[in-house]
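*Asks:* below: sequence and its predicted model.
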Protein chains: 4
Amino acid sequence: MERVYRLTISCPDRVGIVARVGQFFSGHGGWIVEANHYSDPVSNRFFMRHCIRAESLPFGLAELKSRFAEIAAEFDMDWHINDSDQPKQVILMASKDSHCLVDLLHRWHSKELHCDIPCVISNHDTLRSLVEWHGIPFFHVPMDKDNKGEHFRRVNAIVEEHKADTVVLARYMQILPPELCQKYHGQVINIHHSFLPSFAGARPYHQAAERGVKLIGATCHYVTQDLDAGPIIDQDVIRISHNDRVEDMVRLGKDVEKMVLARGVRSHLEDRVLLHGNKTIVF
Amino acid sequence: MERVYRLTISCPDRVGIVARVGQFFSGHGGWIVEANHYSDPVSNRFFMRHCIRAESLPFGLAELKSRFAEIAAEFDMDWHINDSDQPKQVILMASKDSHCLVDLLHRWHSKELHCDIPCVISNHDTLRSLVEWHGIPFFHVPMDKDNKGEHFRRVNAIVEEHKADTVVLARYMQILPPELCQKYHGQVINIHHSFLPSFAGARPYHQAAERGVKLIGATCHYVTQDLDAGPIIDQDVIRISHNDRVEDMVRLGKDVEKMVLARGVRSHLEDRVLLHGNKTIVF
Amino acid sequence: MERVYRLTISCPDRVGIVARVGQFFSGHGGWIVEANHYSDPVSNRFFMRHCIRAESLPFGLAELKSRFAEIAAEFDMDWHINDSDQPKQVILMASKDSHCLVDLLHRWHSKELHCDIPCVISNHDTLRSLVEWHGIPFFHVPMDKDNKGEHFRRVNAIVEEHKADTVVLARYMQILPPELCQKYHGQVINIHHSFLPSFAGARPYHQAAERGVKLIGATCHYVTQDLDAGPIIDQDVIRISHNDRVEDMVRLGKDVEKMVLARGVRSHLEDRVLLHGNKTIVF
Amino acid sequence: MERVYRLTISCPDRVGIVARVGQFFSGHGGWIVEANHYSDPVSNRFFMRHCIRAESLPFGLAELKSRFAEIAAEFDMDWHINDSDQPKQVILMASKDSHCLVDLLHRWHSKELHCDIPCVISNHDTLRSLVEWHGIPFFHVPMDKDNKGEHFRRVNAIVEEHKADTVVLARYMQILPPELCQKYHGQVINIHHSFLPSFAGARPYHQAAERGVKLIGATCHYVTQDLDAGPIIDQDVIRISHNDRVEDMVRLGKDVEKMVLARGVRSHLEDRVLLHGNKTIVF
């Protein structure tokens, strides 16, 4: 993968944004290798993502940011520029189920996912050996029902200590406290094992079996204080039939969960996901 | 299509059902061309559908029913035998949107759907010419908001007069009164333009846009007194993105609606759908 | 739908294209409502599609073209600008099977497809009444096996007379002569009833049944002199099983054919399809 | 999972097969928990799969086989009865790519796949540590281009020594010699990284990119002497666009490959796949 700077922008829509940004880069010889735009007709907000070949610019990231800040101010932009050579620091959290964790670790190990995984945190010790085989530190942080606060204080400390910018709940199965949701807004990705908004909350496959649906699904979303109601990044479904009992749904659903989570995480890592209220733009 | 008798059975599960039924048919030289079974592990109920080549039996439908009644009584069966040469009488109901109606009429006209369509009923006169081109009578039964009762009395009269055994709500957009739901239990098929149970009720595409889902869907189900909560026959979804406005969802959703409705109606016409409480077995 | 100018570009890739084009439009107050880019890393060719709100520009289409020609020359562009208010002239050609034709006509009739359909041409008279119900002239141009030349001379005359810019072969089932393929390069859209390149040529469902595939498909492509080998616009598949005989594949395949054709035609009508050798960019 | 006997049958179709088999089991109190039938209308061959609760029968597997042999002879059946408690012995073969191997190992490790994996064979040593972490012996059998015979003699010896009844080529990337294909007919499962019959042979993703298809796929099939032409067990596809380069196709294709292979292997392990010439019945 060639090195690129990834610029993402969100600002009020008006004439001249694309031209101004394009001019800025071409003026410095910047080679745009990927460009996406979206104008939201309801909110009149404009979203953009550009990838610029790093070596085509005569300056580095800091200088680029400093120079771009002028344009950003002019157009009242929310904006970020990331360097594809500076991988995100992603902490994975899991419980006992291994399918999502194995999938993400394998994608990382085979260099499909470009990120660092400083550690894995779990409320059980079950998956330690698996994680450690990958050469990744494993933190077992037990969950005491009567003292969840202590659990999350330790989780928070580990996240801070490792300077993580992304936390992925790979079937972690515990509800994050509101203060963590707020603190890490847009940085915590969860996989919920239903096609949201159907079957939010506990035991979604049991709910699905009860209702007699013909497709089951999974939803990858950013975590907010409202349970299973945060901005959706990706979803998918799989066909089932009357033949499938709850345990078959659980098994079939695992494949959807891990695929949807991996796609969502990949989009996040490549800065393809822009927040727009409680929705997402996924370029 | 060769002529077959379609036997459907639902009864308490126990040893010997398949053998007893198989023996009955083979004893009369009956050639089974299709056979499906399902044992529900939760309710311990057994479901079966057999297609028997009509000409392989030495007697006709009446005699077949009379002889089979003994076995049915022995095993406490809910059962039906239909003759594939006696098409169901299906009344279509629509409003102004034509996509589902056109689709069903075309499938009928091109002999893909084996049924009779004695008439189409609509609360608007918009689709009259389309229906009449197919040589099918069109009844415009206006809906007076202050007197819905009168509307449904006329609808009921038309259904009775045409001896319909199935009513398909092809985007009819009105809520059937409870007494009709009960009277025609398991005979009225609706298409709802969402992936139920998400977005039941009015304006599901607007609800979907509001929630920011990444797939939209449609659900074909039998109508019951509980709005959009009846037994689901079939469902499907289509991928959307942030680019798709509500009007795009409406357009894309139409394709899913008509496909899902057509599949559900086809299954119903071929006696493939067995009710199991508020769920369906679809063989 | 608001009126837009749709600009499509293909040119050698280099720094500054987006900036120059963006500058051109913003300099005239042009409001870009949709923008897509693609840089092909193999051929180093750049592709772009912009939609500009017509009323945001101070001049009309002719002036726009004349002014843009300078930039186009500078960057050695293949380019087109179309006005969304000037619908394409689309002639549909069919044989006896109605599913694709009905589908396209219905989408046109319900204003989902924005184009004019000056006429339908068929080598059989079967579908006349259907077409004429839509108020569209129907030309029955019989095909004499011993004189195909005469058939295609008449077809060509009708296409020329109606100033068609697009011809859609909606299961027309005849092979266009090379001179027509060349003359209307990139303007004739065909639907082939297989997932190309598998099962090109005659009786693809029989070929599929013979091979025992588990999915069947359809392919929408531009017609070239090489049978079923032109640039692919869209494809899709549907799952089948051992239970499905050839006639079931034919039935199930019809749904895929009409959906894929409709999507391909829609993309073509909206100038979303750019040719790139024997491949397509579909924005 | 409760213990069941899995009976699979293939025989000339005629009246009375189902009745005779049903009678046999019910006569011994045998509880059928799953039953599938298929009559092929072209070959007039009948296929069946029954699962009978083991504990409902008054005798064991040997006695069951001995008694059933009479019926089998009467109807000229190809037949097998397997005990779900006697897992198949499955040897996995891989090369350097880990995605299919990791996926299968994880499904086995998490008890989703019910089989024994006596060992993994590879022509490279790359995946040893991964395999051994699972507690499975790993045999590195190098491939000498000038002496492929030696490689396959050792492979054959290992397969024989471990009494394997199934070999899964999990992206093994070498062509089995004809004598092995014949010897293990219906026992060797391969995953090919294209939607066969398109793009058989080498570098299918490059072929796909060259042709400009809009979907790529994978095919799980039994290996025969004809390269990539054996009976297909399962297939699936994933949508791509002009944006996806060959390396993106390789990445996206991996997910389809591993899913399709896992589904095919699962069907095989549960005795759901019946051979019918060069096609399969998958119950």
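*Replies:* Cool, got the structure. These figures come from a predicted structure and were not determined experimentally. Residues are numbered from 1 along each chain as shown, chains lettered A, B, ... in the order given.

*Asks:* what sits against A:Ser84?
*Replies:* A:Met1, A:Arg3, A:Val4, A:Tyr5, A:Arg6, A:Cys51, A:Ala54, A:His114 (CB atoms under 8 Å, 6 or more residues apart in numbering or on different chains). C-beta: built from backbone N, CA, C; applies to glycine.

*Asks:* swap in A:His192?
*Replies:* Contacts of A:His192 by CB under 8 Å, 6+ apart are A:Ala200, A:Pro204, A:Ala218, A:Thr219, A:Cys220, A:His221, A:Asp228.

*Asks:* the third one: neighbouring residues, count only.
*Replies:* The tally of other residues near A:Ala218 (other CB atoms under 10 Å in any protein chain shown) stands at 27.

*Asks:* element containing it?
*Replies:* strand A:215-222 (DSSP states H and E).

*Asks:* and that strand, which strands flank it?
*Replies:* Strand pairing for strand A:215-222, using DSSP bridges, gives strand A:188-192 (antiparallel), strand A:232-239 (antiparallel).

*Asks:* pull out the buried positions in the last one.
*Replies:* When neighbours are counted by 16 or more other CB atoms under 10 Å in any protein chain shown, the buried residues of strand A:232-239 are found to be A:Ile232, A:Ile233, A:Asp234, A:Gln235, A:Asp236, A:Val237, A:Ile238.

*Asks:* nearest to chain C, of these?
*Replies:* Relative to chain C, the closest of the buried residues of strand A:232-239 is A:Ile238; by CB to the nearest CB it sits at 11.9 Å.

*Asks:* surely the closest one touches A:Ala208?
*Replies:* No - the pair A:Ile238 / A:Ala208 is not scored as a contact, 11.2 Å apart, by CB atoms under 8 Å.

*Asks:* which of the contacts of A:Ser84 count as buried?
*Replies:* A:Val4, A:Tyr5, A:Arg6, A:Cys51, A:Ala54.

*Asks:* make a markdown table out of the residues you listed and add distance to chain B and secondary structure.
*Replies:* Listed next are these as a markdown table, based on distance: CB to the nearest CB, whole Å; DSSP: H, G, I helix; E, B strand; the rest coil:
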| residue | distance to chain B | secondary structure |
| --- | --- | --- |
| A:Val4 | 22 | strand |
| A:Tyr5 | 23 | strand |
| A:Arg6 | 18 | strand |
| A:Cys51 | 19 | strand |
| A:Ala54 | 27 | helix |
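
*Asks:* can you redo the residues you listed as TSV with pLDDT?
*Replies:* Below are the buried ones among the contacts of A:Ser84 laid out as TSV (pLDDT from 0 to 100):
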residue	pLDDT
A:Val4	98
A:Tyr5	98
A:Arg6	98
A:Cys51	97
A:Ala54	97
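
*Asks:* picking up where we left off before, next one: the strand holding A:Ala218 to chain centre, how far?
*Replies:* Relative to its chain's centre, strand A:215-222 lies at 13 Å (CA atoms, centre = their mean, to the nearest Å).

*Asks:* do the same with stretch A:31-48
*Replies:* 20 Å.

*Asks:* what do A:Ile238 and A:Ala208 both touch?
*Replies:* Joint contacts of A:Ile238 and A:Ala208 (CB under 8 Å, 6+ apart) are A:Ile216.

*Asks:* helix, strand or coil: sort out A:His268 for me.
*Replies:* helix (DSSP: H, G, I helix; E, B strand; the rest coil).

*Asks:* mind giving me the domain split of chain A?
*Replies:* A:4-83, A:88-282 (automatic domain parsing).

*Asks:* out of those domains, nearest to C:Gly22?
*Replies:* Set against C:Gly22 and scored by CB to CB, the domains of chain A come closest in domain A:4-83, at 3.4 Å.

*Asks:* next one: that closest one, is it in contact with chain C?
*Replies:* Yes - applying CB under 8 Å from any CB of the partner chain, one finds domain A:4-83 touching chain C at A:15-16, A:18-23, A:25-27, A:29-35, A:37, A:39, A:56.

*Asks:* just to revisit the earlier point, of all the buried residues of strand A:232-239, which comes closest to A:Ile121?
*Replies:* A:Ile233 (21.2 Å).

*Asks:* residue contacts, that closest one?
*Replies:* By CB under 8 Å, 6+ apart, the neighbours of A:Ile233 are A:Ile189, A:Cys220, A:His221, A:Tyr222, A:Gly264, A:Ser267, A:His268, A:Val273, A:Thr280, A:Val282, B:Lys214.

*Asks:* now what about stretch A:100-109, what contacts it?
*Replies:* A:92, A:94, A:113, A:115, A:117, A:120, A:127, A:130-131, A:134, A:136, A:168, A:170-171, A:191, A:254, A:257-259, A:261-262, A:265, D:98-99, D:102, D:106.

*Asks:* quickly note the distance from A:Lys163 to B:Met1.
*Replies:* 68 Å (CB to CB, to the nearest Å).

*Asks:* scratch that, A:Met77
*Replies:* Distance from A:Met77 to B:Met1, by CB to CB: 64 Å.

*Asks:* can you show me the helices along the stretch 101-250 of chain A?
*Replies:* If DSSP state H, counting those that start in this stretch is used as the criterion, the helices of the stretch 101-250 of chain A fall at A:128-133, A:148-161, A:178-183, A:204-211, A:246-269.

*Asks:* out of these, which is the most enclosed?
*Replies:* A comparison of those by mean neighbour count, using mean count of other CB atoms under 10 Å in any protein chain shown, puts helix A:246-269 on top with a mean of 21.

*Asks:* give the other helices and strands that that helix contacts.
*Replies:* strand A:88-94, helix A:99-109, strand A:166-169, strand A:188-192, helix A:204-211, strand A:215-222, strand A:232-239, helix D:246-269 (3 or more CB pairs under 8 Å, 6 or more residues apart in numbering or on different chains; DSSP states H and E).

*Asks:* mind checking the pLDDT average for that helix?
*Replies:* Average pLDDT, helix A:246-269: 98.

*Asks:* next SSE after it?
*Replies:* strand A:273-276.

*Asks:* quick one: that following strand to chain centroid distance?
*Replies:* With CA atoms, centre = their mean, you get 11 Å for strand A:273-276.

*Asks:* cool, and stretch A:264-275?
*Replies:* That offset, for stretch A:264-275, works out to 6 Å (CA atoms, centre = their mean).

*Asks:* can you list contacts of it?
*Replies:* Residues contacting stretch A:264-275 (CB under 8 Å, 6+ apart): A:6, A:8, A:10, A:47, A:49, A:80, A:82, A:87-88, A:90, A:104, A:113-115, A:166, A:168, A:186, A:189, A:191, A:220-222, A:231, A:233-234, A:280-283.

*Asks:* do me a favour and get the end-to-end distance for that stretch?
*Replies:* Terminal residues of stretch A:264-275 lie 13 Å apart, using CA to CA, to the nearest Å.

*Asks:* stretch A:73-86 now?
*Replies:* Using CA to CA, first and last residues of stretch A:73-86 are 25 Å apart.

*Asks:* what does the stretch 1-150 of chain A have sitting close to chain D?
*Replies:* So the stretch 1-150 of chain A meets chain D at A:Ser98, A:His99, A:Val102, A:His106, A:Ser110, A:Glu112, A:Ser129, A:Leu130, A:Trp133 (CB under 8 Å from any CB).

*Asks:* can you give me the buried ones in stretch A:217-226?
*Replies:* A:Gly217, A:Ala218, A:Thr219, A:Cys220, A:His221, A:Tyr222, A:Val223, A:Thr224.

*Asks:* just checking, the third one touches A:Phe199?
*Replies:* No - the pair formed by A:Thr219 and A:Phe199 falls short of the contact definition of CB under 8 Å, at 9.7 Å.
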